[in-house]
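1. mind folding the following:
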Amino acid sequence: MDLKGKKVFVFGTGKSGIGAAQLLVKAGALPVIFDGKADIDKEEIVHKIGTDTPVQVYAGELPGEVQKSLDLAVLSPGVPTDLPLVKSFYAQGLPVWGEVELAYQTGKGQVLAITGTNGKTTTTALLGKIMADARPSVFVVGNIGTPYTSKAPNMKEESITVAEISSFQLETIQDFAPHVSAILNITEDHLNRHHTMEEYIRVKELITKNQGPKDVCVLNYEDPVLRKFGENIVPEVVYFSSVRKLPKGIYLDGDMITLRTDKEEIPVVKTGDLKLLGQHNFENVMAAVAMAWYDGVDMDSIRKSVCEFTAVPHRIEYVTEKNGVAYYNDSKGTNPDAAIRGIKAMNRPTLLIGGGYDKGSTYDEWIQAFDGKVKYLVLIGQTKEKIKEAAKKNGFHQIILCEDLKEAVQVCAQKAEPGDAVLLSPACASWGQFDNYEQRGDIFKELVSYL
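-> Down below sits the predicted model:
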């Protein structure tokens, strides 16, 4: 669609919405910005967009005559497609895109796209490094924190876009077609938005919707849903596995990640040479390596990039070693499932800091995953008593309650012995004591630096 002169509705005034509005202005369109909250500061929205082009901003309610005059609607990822206003767009025959579709339609070059329930950010960051080390023009965008729309105007025909794509973003694609895609895994998540597991799976699988036979889709062989899905899709399927050798694909064989094609078997890297810990991270490495290889990157270049890569901030991030004790920041472990991955990645006796805001989670599986590794469970926040009871119920009694993160770090430093690890992996949201998990992780790192 030629956007010049078109009146385009933008639903949402967050990072994605502002990015979409800015891109539309550059494309010569006339954005109409909308937020469901009636009390937003309209002047501040216009200031954030930063343009001399007239921009209309509506809050709370959209006048009927304005809706009838629209040529296109663009939804931010946080806007559900089953809202009455969005349904009315579909009913009137208005094209409805997401921010990803808008960026794809206006950007240039090739796209490598990653989705999945867990591991997306690490895999995207790693693939971004591999591609940036090998190609002259690379953009890392999407759910990783940089709106796709903010980079689309700078893309050239030779550009590579590495995109982390959420299920929310996949709901509203139309022509979006990555050259190489990946679905890392599918476990229960976001059912408040998608309502059923079947719908969540369907939306995740949309990443391959427009791929052709010359494109590639990388899938987790150990995920039964994805293994079956790979049997009937158009793009070439490349599986990865952390538990078995594959006749074709990429797999973990002892401590060696190996890529097997129709013609050869290529040793990629030993897990001991990686700066990432844990089987789930080895899976992330395999997915990124396969995506880069099938996009034509030389294996020597891939290997060098992979060995240099360090963990993304707040996800089993190595902080430092003090007095023989290693400190890890896994503040992004905001639910029990994510925190299980954190403790499984530890290869030392561990003092574990947990607790935070109560999202209604249960903690039994997390406690059961300690597997003899946890020396002390040091608890803070709203959930500390709840987690304490779950731990006792599951036979774990080395529990220390603290008032705040500062006290927890000090207690761990006192109790830890050379060869131990201290891991912040809360299994809870950060709200109440912190603005977000990033702030919690940054404060943890700062406290450790003072020890």
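
2. what ranges do the helices span in the stretch 101-250 of the chain?
-> Using DSSP state H, counting those that start in this stretch, the helices found in the stretch 101-250 of the chain span residues 120-134, 148-151, 167-170, 191-194, 197-205, 224-229.

3. I'd like these as a markdown table, with mean pLDDT appended.
-> Shown next, in a markdown table, are the helices of the stretch 101-250 of the chain (pLDDT from 0 to 100):
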| stretch | mean pLDDT |
| --- | --- |
| helix 120-134 | 95 |
| helix 148-151 | 91 |
| helix 167-170 | 82 |
| helix 191-194 | 53 |
| helix 197-205 | 75 |
| helix 224-229 | 91 |
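
4. which one, of these, ends up nearest to Ser69?
-> Of all the helices of the stretch 101-250 of the chain, it is helix 148-151 that lies closest to Ser69, at 22.7 Å by Cβ to Cβ. Heads up, the C-betas are built off the backbone N, CA and C, glycines and all.

5. any chance of TSV for the helices of the stretch 101-250 of the chain, columns distance to Leu85 and mean neighbour count?
-> TSV is the format used below for those (distance: least, Cβ to Cβ, whole Å; neighbours: other Cβ atoms under 10 Å):
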stretch	distance to Leu85	mean neighbour count
helix 120-134	29	24
helix 148-151	21	24
helix 167-170	17	24
helix 191-194	16	14
helix 197-205	20	17
helix 224-229	33	16
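
6. nearest to Leu70, of those?
-> That would be helix 148-151 among the helices of the stretch 101-250 of the chain, by Cβ to Cβ, at 18.4 Å.

7. name the helices or strands packed onto the closest one?
-> The elements that helix 148-151 packs onto, with contact taken as 3 or more Cβ pairs under 8 Å, 6 or more residues apart in numbering; DSSP states H and E, are helix 15-26, helix 99-106, strand 138-142, strand 160-164.

8. can you redo the helices of the stretch 101-250 of the chain as a markdown table with distance to Thr334?
-> Formatted as a markdown table, those follow (distance: least, Cβ to Cβ, whole Å):
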| stretch | distance to Thr334 |
| --- | --- |
| helix 120-134 | 13 |
| helix 148-151 | 24 |
| helix 167-170 | 17 |
| helix 191-194 | 15 |
| helix 197-205 | 19 |
| helix 224-229 | 24 |
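
9. looking at those, which is closest to Val55?
-> For the helices of the stretch 101-250 of the chain, proximity to Val55 was assessed by Cβ to Cβ; helix 148-151 is nearest, at 15.1 Å.

10. quick one: contacts of the closest one?
-> Contact with helix 148-151 is made by 16, 19-20, 22-23, 99-100, 102-104, 106-107, 139, 141-142, 161, 163, as judged by Cβ atoms under 8 Å, 6 or more residues apart in numbering.

11. that one: how far from the chain's middle?
-> 17 Å (Cα atoms, centre = their mean, to the nearest Å).

12. closest to Asp71 out of the helices and strands packed on helix 148-151?
-> Across the helices and strands packed on helix 148-151, closest to Asp71 is helix 15-26 (Cβ to Cβ), at 11.0 Å.

13. hey, C-alpha coordinates of the closest one in PDB?
-> Provided in PDB are the C-alpha atoms of helix 15-26 (Å, rounded to 0.1, in the frame of the first residue of the first chain):
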ATOM      1  CA  LYS A  15       7.000   3.100  22.300                       C
ATOM      2  CA  SER A  16       5.500   1.100  19.400                       C
ATOM      3  CA  GLY A  17       2.700   3.600  18.800                       C
ATOM      4  CA  ILE A  18       5.000   6.600  18.700                       C
ATOM      5  CA  GLY A  19       7.500   4.700  16.500                       C
ATOM      6  CA  ALA A  20       4.600   3.800  14.100                       C
ATOM      7  CA  ALA A  21       3.400   7.400  14.000                       C
ATOM      8  CA  GLN A  22       6.900   8.700  13.300                       C
ATOM      9  CA  LEU A  23       7.400   6.200  10.400                       C
ATOM     10  CA  LEU A  24       4.000   7.100   9.000                       C
ATOM     11  CA  VAL A  25       4.900  10.800   8.900                       C
ATOM     12  CA  LYS A  26       8.200  10.000   7.100                       C
END
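
14. and whatever helix or strand comes next after that helix, what does it pack onto?
-> Heading C-terminal from helix 15-26, the first helix or strand you meet, by DSSP states H and E, is strand 30-35. Here strand 30-35 touches strand 7-11, helix 15-26, helix 42-49, strand 56-59, going by 3+ Cβ pairs under 8 Å, 6+ apart.

15. please save the CA atoms from strand 30-35 in PDB.
-> Only the C-alpha atoms of strand 30-35 are listed here, as PDB (Å, rounded to 0.1, in the frame of the first residue of the first chain):
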ATOM      1  CA  LEU A  30      -1.500  11.500   8.000                       C
ATOM      2  CA  PRO A  31      -1.500   9.700  11.400                       C
ATOM      3  CA  VAL A  32      -4.500   9.700  13.700                       C
ATOM      4  CA  ILE A  33      -3.300   8.700  17.200                       C
ATOM      5  CA  PHE A  34      -5.600   7.100  19.700                       C
ATOM      6  CA  ASP A  35      -5.300   5.900  23.300                       C
END
